[in-house]
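Undergrad: 3D model of this:
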Amino acid sequence: MNKDLSDYRKSYEKGALLLSDTPENPMELFQRWFHEVDSFFVEDETNAMTLSTIGLDGYPKNRVVLLKKYTFEGFIFYTNYNSEKGKAISKNPNVCLSFFWHGAERQIIIKGKAEKIPENLSDGYFESRPRGSKLGAIVSNQSEEIESRNYLEKKLENLEKEYEGKEISRPQHWGGYIVKPTEIEFWQGRPNRLHDRVNYKLQPNYNWLKNRLSP
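TA: Alright, predicted model coming up:
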């Protein structure tokens, strides 16, 4: 418990991010970085992102979710709408997403508002999921207390029998959110802690204002 971490250090030397090399729209840079990490740093789970919400108890909470699609409009993930994060978003849609790709020594932090995507889009994604994942979405009352692991597995077993040979429709309490960004920061690790940081802020005219930040 008394381990000293003060000497844990790493020199970041794998890249640079100059303001002059960045596009006017941050989603273009996100796409570029995502593709590079996905192609050259296979040890990273590229679409894993941390979602931060303000809970009903007033505390922020982070958890890792999976990005399933991104467009110029925003970032899409799927979950149980009745989960802790779903209830938090319902009360306060201001959220934060972050990606940390340690192989590339890069981080992206995204502030934005989360909103449910149209039902037909959630239906389409749900239909593409493996059968086991579909049943899992029905079995789990996400974030609710359960008596045991055995209870969950027995519930799944019963559902497998109930839906044997039948189509599995998306439950109404499960679907997607899109996070529409209002601010995006790109961080590239550099030697001597002089990291590169480029920040984009969405303006009232829907253009992006970008600036370089001190590390």
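
Undergrad: CA atoms for contacts and neighbours, from now on please.
TA: Fine.

Undergrad: between the two ends of stretch 166-183, how far is it?
TA: 44 Å (CA to CA, to the nearest Å).

Undergrad: how about that stretch: buried residues?
TA: Neighbour-count burial for stretch 166-183, counted by 16 or more other CA atoms under 10 Å, picks out R170, W174, G175, G176, Y177, I178, V179, K180, P181, T182, E183.

Undergrad: ditto for stretch 98-113
TA: Those would be 98-101, 104-113, for stretch 98-113 by 16+ other CA under 10 Å.

Undergrad: what's the closest of those to Y81?
TA: K113 (15.6 Å; CA to CA).

Undergrad: quick check, the closest one in a strand?
TA: Yes. With DSSP: H, G, I helix; E, B strand; the rest coil as the criterion, K113 is located in a strand.

Undergrad: do you know how far it is from K69?
TA: 16 Å.

Undergrad: element containing K134?
TA: Using DSSP states H and E, K134 sits within helix 131-139.

Undergrad: would you mark the buried spots in the helix or strand just after that helix?
TA: With elements assigned by DSSP H and E, the helix or strand that comes after helix 131-139 is helix 149-162. Residues L156 are the ones in helix 149-162 that count as buried (16+ other CA under 10 Å).

Undergrad: what is helix 149-162 packed up against?
TA: Contacts defined by 3 or more CA pairs under 8 Å, 6 or more residues apart in numbering; DSSP states H and E place helix 149-162 against helix 131-139.

Undergrad: quick revisit: in JSON lines: the buried residues of stretch 98-113, plus secondary structure and pLDDT.
TA: Listed next are those as JSON lines, based on DSSP: H, G, I helix; E, B strand; the rest coil; pLDDT from 0 to 100:
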{"residue": "S98", "secondary structure": "strand", "pLDDT": "98"}
{"residue": "F99", "secondary structure": "strand", "pLDDT": "98"}
{"residue": "F100", "secondary structure": "strand", "pLDDT": "97"}
{"residue": "W101", "secondary structure": "strand", "pLDDT": "96"}
{"residue": "A104", "secondary structure": "coil", "pLDDT": "96"}
{"residue": "E105", "secondary structure": "coil", "pLDDT": "97"}
{"residue": "R106", "secondary structure": "strand", "pLDDT": "97"}
{"residue": "Q107", "secondary structure": "strand", "pLDDT": "98"}
{"residue": "I108", "secondary structure": "strand", "pLDDT": "98"}
{"residue": "I109", "secondary structure": "strand", "pLDDT": "98"}
{"residue": "I110", "secondary structure": "strand", "pLDDT": "98"}
{"residue": "K111", "secondary structure": "strand", "pLDDT": "98"}
{"residue": "G112", "secondary structure": "strand", "pLDDT": "98"}
{"residue": "K113", "secondary structure": "strand", "pLDDT": "98"}
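
Undergrad: and those as JSON lines, adding distance to K3?
TA: Putting the buried residues of stretch 98-113 into JSON lines (distance: CA to CA, whole Å) gives the following:
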{"residue": "S98", "distance to K3": "28"}
{"residue": "F99", "distance to K3": "28"}
{"residue": "F100", "distance to K3": "25"}
{"residue": "W101", "distance to K3": "26"}
{"residue": "A104", "distance to K3": "28"}
{"residue": "E105", "distance to K3": "25"}
{"residue": "R106", "distance to K3": "27"}
{"residue": "Q107", "distance to K3": "27"}
{"residue": "I108", "distance to K3": "30"}
{"residue": "I109", "distance to K3": "30"}
{"residue": "I110", "distance to K3": "33"}
{"residue": "K111", "distance to K3": "35"}
{"residue": "G112", "distance to K3": "38"}
{"residue": "K113", "distance to K3": "40"}
